[in-house]
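**Student:** sequence and predicted structure are below.
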Amino acid sequence: MNIIRPGRLALTLLLIGSNWAYAESRPPNIVIIFADDLGYADLGWFGATGFATPNLDRMAREGRKFTSFHVAQPVCSASRAGLLTGCYPNRIGIHGALGPAASHGISDGEVTLAQMLKTKGYATGMAGKWHLGHRRQFLPLQHGFDEYLGLPYSNDMWPHHPEAKPGSYPPLPLIEGDSVIDPDVSSDDQRTLTTRYTERAVSFIDRNKNKPFFFYLAHSMPHVPLHVSDKFRGKSKRGAYGDVLMEIDWSVGEVLKAIKANGLERDTLVIFTSDNDPWLSYGDHSGSVLPLREGKGTSWEGGVRVPCLMRWPGRIPEGTDCGAMLMTIDLLPTIAKLVDAKVPDHRIDGLDVWSLIAGHPAAKNPHEAYLFYYEQDQLQAVASGDGRWKLQLPHTYRTLAGRSGGRDGVPDQYDQRKITQPELYDLQNDVSETTDIAMKHPDVVRRLLSIAEQARADLGDSIVKRRGSGVRPAGN
């Protein structure tokens, strides 16, 4: 039996009281750093070679590494919608990647993480790729952010991209607030994007150090076309892709330095992750997903399982790993609980997973299952909430079929493969999804198929021509 002496008991009670008073007086700052097309194995602690990521490795040492962290869909706009609203993207009418020709975007009726935090007095800022609609009513300032600097969509939706057909894209604008400040982003401009986004993040932290803040740093890189500043060009052994990753790591270091310089380390939760895995067809201009299968644009683990680090000294145990399955949709309700904010009145899909993030010994994932939609409302896979079982449903997916992809920014062509019967994989023992064991576990297959049917009734499934009753329209 542990005996607590009177003096130590008093100190313990004092610390408990101090923590309670802190929680009441100042909620935590939140910084989310979201890379674009970063691979599962593209950080030092996740297995990267040919370049160093010392600042991200430091985050892993001083925080917690999540090895089964997932995005809601393996593509840009849909993934960002899930992160910011806590909803499966197809619930709110966001599919795929919205380009310059898109007339829709995030609805005024949805509540973003920024809007929720503003109800608790937070300053909110963003720099980087938005990609939830480029018309004024869809931009960040109309969805909870006090300030914004960045691109409205992907940097390859750009007339100067080597793969762009003549006349396929209008000029790519750089936006400050609601105004275009550079109507035609050039290659030189793209080389400075990571630095400009980082400088805005640091400035925001410096300017808002005396109140709770939320900053969303959504890098345009390492999405192709790759561009990097002079300070990192040619510095890695992995060519342009490694150079870009070194600059993103530098960016993380600058943000961490700003937090420390303002005395906010113990007041700030920093989350680093990616919107999906690499665009493998670009070969040496894309990253690595090893040991996972396939990549961006698929519902295999190589498309939806992304690297994730979280750091909050004193609240998240340092130097630890979490193998529990989590998803970006869980961040909004988890942060709501941390800051005592009200979650949206309408239905969201994420759940509070703070006990797993904080490393509580008996913590379990509260989800019965996670759903993986892709394309135009296709239900492609269902995974059990404990992260063990994943059922790949019949659908067509793209693959390089073992090829290494293109070179120097020119992509290889994908082959198409079709799953004709549900395939079951044991992710705890076969993370590479190599062996279909559906015949050995018919009870698991039946359970996950039943969950899929419930999902179809709620969210629909275009593969089987079902419309869901719980879907809300996108904004127009």
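**Tutor:** Sure, I can see it. Numbering: from 1, shown residues only.
**Student:** domain-wise, how is the protein divided?
**Tutor:** The chain breaks down into these domains under automatic domain parsing: 27-367, 370-464.
**Student:** first vs last residue of the longest one, how far apart are they?
**Tutor:** Between the opening and closing residues of domain 27-367 we find a distance of 26 Å, counting by Cα to Cα, to the nearest Å.
**Student:** tell me the mean pLDDT for it?
**Tutor:** For domain 27-367, the mean pLDDT works out to 97.
**Student:** next: the shortest one.
**Tutor:** Taken as a whole, domain 370-464 has a mean pLDDT of 98.
**Student:** for residue 45, see how far away the closest residue to residue 319 other than its chain neighbours is.
**Tutor:** Of all residues not flanking residue 319 in the chain, residue 61 sits nearest, at 5.4 Å (Cβ to Cβ, 6 or more residues apart in numbering). Any C-beta I mention is one placed from the backbone N, CA and C, and that applies to glycine too. Note on residue 61: its distance to residue 45, by Cβ to Cβ, to the nearest Å, is 8 Å.
**Student:** and for residue 409?
**Tutor:** Summarising the geometry, the distance separating residue 409 from residue 45, computed by Cβ to Cβ, is 28 Å.
**Student:** dihedrals phi and psi, the nearest residue to residue 268 once chain neighbours are set aside?
**Tutor:** Among residues not flanking residue 268 along the chain, residue 29 sits closest, at 4.1 Å (Cβ to Cβ, 6+ apart). Backbone torsions for residue 29, taken as degrees, to the nearest 10, come to phi -70, psi 150.
**Student:** which of residue 61 and residue 45 has more neighbours?
**Tutor:** When residue 61 is set against residue 45 and neighbours are counted by other Cβ atoms under 10 Å, the residue ahead is residue 45, at 17 against 13.
**Student:** residue contacts, the more buried one?
**Tutor:** Applying Cβ atoms under 8 Å, 6 or more residues apart in numbering, we find residue 45 in contact with 53, 56, 57, 60, 65, 309.
**Student:** isn't there a helix covering it?
**Tutor:** Yes. Per DSSP: H, G, I helix; E, B strand; the rest coil, residue 45 lies within a helix segment.
**Student:** for it, give its distance to residue 56.
**Tutor:** Taking Cβ to Cβ as the measure, residue 45 and residue 56 are separated by 7 Å.
**Student:** ramachandran coordinates for residue 57?
**Tutor:** Backbone dihedrals for residue 57, given as degrees, to the nearest 10, come out at phi -60, psi -40.
**Student:** picking up where we left off before, doesn't residue 212 make contact with the residue nearest to residue 268?
**Tutor:** Yes. Under the criterion of Cβ atoms under 8 Å, residue 29 is in contact with residue 212, at a separation of 5.8 Å.
**Student:** higher neighbour count, those two?
**Tutor:** More neighbours surround residue 29 than the other of residue 29 and residue 212, with 24 against 19 (other Cβ under 10 Å).
**Student:** A strand includes residue 149, no?
**Tutor:** Yes. The secondary structure assignment for residue 149 places it in a strand, going by three-state DSSP.
**Student:** pretty sure it is touching residue 200, no?
**Tutor:** Yes. In this structure, residue 149 is within contact of residue 200 by Cβ under 8 Å, at 5.0 Å.
**Student:** helix/strand/coil for the closest residue to residue 227 other than its chain neighbours?
**Tutor:** In this structure, residue 227 finds its nearest non-sequential neighbour in residue 190, 3.8 Å apart by Cβ to Cβ, 6+ apart. Under three-state DSSP, residue 190 falls in the helix class.
**Student:** please apply the same query to the one 3 residues further on.
**Tutor:** Reducing the assignment to helix, strand or coil with three-state DSSP, the entry for residue 193 is helix.
**Student:** next one: it from residue 124, what distance?
**Tutor:** Distance of residue 193 to residue 124, given as Cβ to Cβ: 21 Å.
**Student:** one more: residue 428?
**Tutor:** From residue 428 over to residue 124 the distance is 38 Å, taken as Cβ to Cβ.
**Student:** so residue 277, which of the three states?
**Tutor:** The local conformation at residue 277, judged by three-state DSSP, is coil.
**Student:** actually residue 254, sorry about that
**Tutor:** When states are read from three-state DSSP, the local structure at residue 254 comes out as helix.
**Student:** just to check, it is in contact with residue 202?
**Tutor:** Yes. Using Cβ under 8 Å as the test, residue 254 is close enough to residue 202 to be in contact (5.7 Å).
**Student:** these two: who's more crowded?
**Tutor:** A direct count of neighbours by other Cβ under 10 Å for residue 254 and residue 202 places residue 202 higher, at 21 against 16.
**Student:** in a helix, that one, correct?
**Tutor:** Yes. Judged by three-state DSSP, residue 202 forms part of a helix.
**Student:** right, and it touches residue 256 too?
**Tutor:** No. Counting by Cβ under 8 Å, no contact exists between residue 202 and residue 256, whose distance comes to 10.3 Å.
**Student:** this protein: helices as residue ranges?
**Tutor:** Under the criterion DSSP state H, the chain contains helices at 6-25, 54-62, 76-85, 113-118, 187-207, 239-261, 301-304, 331-339, 354-357, 442-459.
**Student:** I'd like to know which elements the fifth one is packed against.
**Tutor:** Judged by 3 or more Cβ pairs under 8 Å, 6 or more residues apart in numbering; DSSP states H and E, helix 187-207 is in contact with strand 123-128, strand 147-150, strand 213-218, helix 239-261.
**Student:** tell me who's in contact with the residue nearest to residue 227.
**Tutor:** Under the criterion of Cβ under 8 Å, 6+ apart, the contact list for residue 190 reads 155, 220, 225, 227.
**Student:** can you put the helices of the chain in JSON lines and add distance to residue 142?
**Tutor:** Output for the helices of the chain, formatted as JSON lines (distance: least, Cβ to Cβ, whole Å):
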{"stretch": "helix 6-25", "distance to residue 142": "31"}
{"stretch": "helix 54-62", "distance to residue 142": "32"}
{"stretch": "helix 76-85", "distance to residue 142": "13"}
{"stretch": "helix 113-118", "distance to residue 142": "10"}
{"stretch": "helix 187-207", "distance to residue 142": "19"}
{"stretch": "helix 239-261", "distance to residue 142": "25"}
{"stretch": "helix 301-304", "distance to residue 142": "29"}
{"stretch": "helix 331-339", "distance to residue 142": "18"}
{"stretch": "helix 354-357", "distance to residue 142": "29"}
{"stretch": "helix 442-459", "distance to residue 142": "26"}
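**Student:** mind checking which of those is nearest residue 35?
**Tutor:** Among the helices of the chain, the nearest to residue 35 by Cβ to Cβ is helix 239-261 (6.0 Å).
**Student:** mind listing what's buried along the closest one?
**Tutor:** 239-256, 258-259 (16 or more other Cβ atoms under 10 Å).
**Student:** what does stretch 231-238 give?
**Tutor:** With burial defined by 16+ other Cβ under 10 Å, the residues of stretch 231-238 counted as buried are 232, 236, 238.
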